[in-house]
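Visitor: Coordinates only, no sequence provided:
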């Protein structure tokens with residue numbers, strides 16, 4: 001299957017650069033995955049599309065302020081570091097700009113010496129392994145010195161770091177936000193609970209592979225980066241009971257979807273407490289075992305994310321919906337509007 005089949009024209013001015021003040025005021029496109037029918041709504045009304053006994057599954061990962069700006073010891077050369085994945089102890093897999101300036105043994109200092117890192121080797125895709133040194137608690141130092149790793153298509157500075165976190169963000173470790181969840185407020189979640197809809201949480205720490213373009217012509221040759229996930233026994237039992245009682249399981253975002261489908265695929269369609277690394281790549285032809293619908297944002301052309309939702313709703317339905325979104329001036333990507341596939 002060719003990657004070009006998932007292309008569409010997106011005017012640059014439709015890429016949302018800043019979040020709306022009210023999370024729930026984003027627009028909502030509702031797409032019927034069977035018929036392709038499209039309806040337009042506002043996100044605060046999304047509860048009208050759920051029924052008592054359904055389950056909404058959210059990703060509670062918390063984004064690290066993982067972008068650091070430092071200097072190369074000895075020369076003072078400016079170095080940008082992006083934390084990707086923690087190895088044992090204080091060793092991290094990172095991306096560095098400019099990478100050519102950082103060889104094994106290079107020391108980088110941050111915040112007038114509050115934090116330093118020594119390059120101990122190379123990582124995949126041109127990355128570097130760094131070992132950090134500091135006084136106190138690493139995450140507290142990171143909160144002081146780090147910046148949010150906003151996607152490359154967002155050019156504006158973010159005034160409030162918390163606006164790139166979901167209101168239910170809890171488990172630290174993500175390099176990017178699970179952006180479909182950014183539309184929820186605590187008040188809206190309480191209203192949904194009050195309807196008898198179950199709210200369940202899983203964790204998937206989003207890696208930078210989310211933004212990595214598909215560089216092959218045939219998408220079956222694309223390799224996904226592995227990302228860490230976990231599901232508790234309580235969530236697994238809840239979702240199995242929802243399924244048993246005939247309720248629908250609606251995932252919030254592609255990250256929740258990939259986690260749920262990974263676990264269901266590994267356990268004959270059932271949910272079990274599990275953790276590990278997933279590199280599942282979902283594209284048309286995939287047989288869904290876990291979800292009945294999903295909430296998602298509008299994604300990049302030719303991305304693995306638009307391929308995933310095309311697997312659920314059909315490529316032609318999705319491309320028609322995306323072309324409609326462009327015509328209707330929907331806002332795209334991380335801080336943009338939402339789609340419900342049902």
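Guide: Perfect, I can see it now. In this text the structure is predicted, and so the values were computed from the model without any measurement.

Visitor: contacting residues around residue 189?
Guide: By C-beta atoms under 8 Å, 6 or more residues apart in numbering, residue 189 lies in contact with 167, 168, 199. C-beta here means a position set from N, CA and C on the backbone, and glycine is covered the same way.

Visitor: Confirm that it sits in a strand.
Guide: No - per DSSP: H, G, I helix; E, B strand; the rest coil, residue 189 lies outside any strand segment and is helix.

Visitor: for this structure, what are the low-confidence residue spans?
Guide: For the chain, applying pLDDT under 70 flags the ranges 208-212.

Visitor: okay, now the domains of it?
Guide: As recorded under automatic domain parsing, the domains making up the chain are 3-63+160-341, 67-145.

Visitor: So which residue is dead centre in the chain?
Guide: residue 178 (3.4 Å; C-alpha atoms, centre = their mean).

Visitor: can you map out the strands along the stretch 151-300 of the chain?
Guide: 171-174, 198-204, 227-231, 249-252, 274-278, 293-297 (DSSP state E, counting those that start in this stretch).

Visitor: same thing with the stretch 1-150 of the chain?
Guide: So, for the stretch 1-150 of the chain - with DSSP E, counting those that start in this stretch - the strands run 27-31, 38-42, 55-59, 61-63, 67-72, 78-86, 91-97, 107-110, 115-122, 128-134.

Visitor: Tell me who's in contact with the nearest residue to residue 275 once chain neighbours are set aside.
Guide: Spatial nearest neighbour of residue 275, excluding adjacent residues (C-beta to C-beta, 6 or more residues apart in numbering): residue 230 at 3.8 Å. Residue 230 makes contacts with 171, 202, 203, 274, 275, 276, as judged by C-beta under 8 Å, 6+ apart.

Visitor: Can you give me the distance of the second one to residue 184?
Guide: Read it as residue 202. 15 Å (C-beta to C-beta, to the nearest Å).

Visitor: Now the residue of the chain positioned farthest from its centre: closest residue in space, sequence neighbours ignored.
Guide: Centroid-distance maximum for the chain: residue 74 at 37.6 Å, with C-alpha atoms, centre = their mean. Spatial nearest neighbour of residue 74, excluding adjacent residues (C-beta to C-beta, 6+ apart): residue 107 at 7.7 Å.

Visitor: Got the phi and psi for the closest residue to residue 298 other than its chain neighbours?
Guide: Distances taken as C-beta to C-beta, 6+ apart put residue 332 closest to residue 298, at 4.5 Å, once the chain neighbours are dropped. Note on residue 332: backbone dihedrals following degrees, to the nearest 10 are phi -110, psi 160.

Visitor: Who is residue 332 paired with across the strands?
Guide: residue 15 (DSSP bridges).

Visitor: That one contacts residue 15, doesn't it?
Guide: Yes - in terms of C-beta atoms under 8 Å, residue 332 counts as a neighbour of residue 15; the distance is 5.3 Å.

Visitor: More neighbours: which of those two?
Guide: When residue 332 and residue 15 are compared for neighbours, residue 332 comes out ahead with 23 against 19, by other C-beta atoms under 10 Å.

Visitor: Now for that one: which residues touch it?
Guide: Neighbours of residue 332 in contact, by C-beta under 8 Å, 6+ apart: 10, 14, 15, 16, 297, 298, 299, 325.

Visitor: Name the residues linked to the fifth one by a beta bridge.
Guide: When assigned by DSSP bridges, residue 297 has beta-bridge partners residue 338.

Visitor: Would you check that it makes contact with residue 180?
Guide: Yes - using C-beta under 8 Å, residue 297 is in contact with residue 180, at 5.5 Å.

Visitor: so what's in contact with those two at the same time?
Guide: In contact with both residue 297 and residue 180: 253, 338, using C-beta under 8 Å, 6+ apart.

Visitor: about what we covered before: next, format the contacts of residue 332 as TSV and append distance to residue 95.
Guide: TSV is the format used below for the contacts of residue 332 (distance: C-beta to C-beta, whole Å):
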residue	distance to residue 95
10	25
14	28
15	22
16	24
297	23
298	26
299	22
325	31
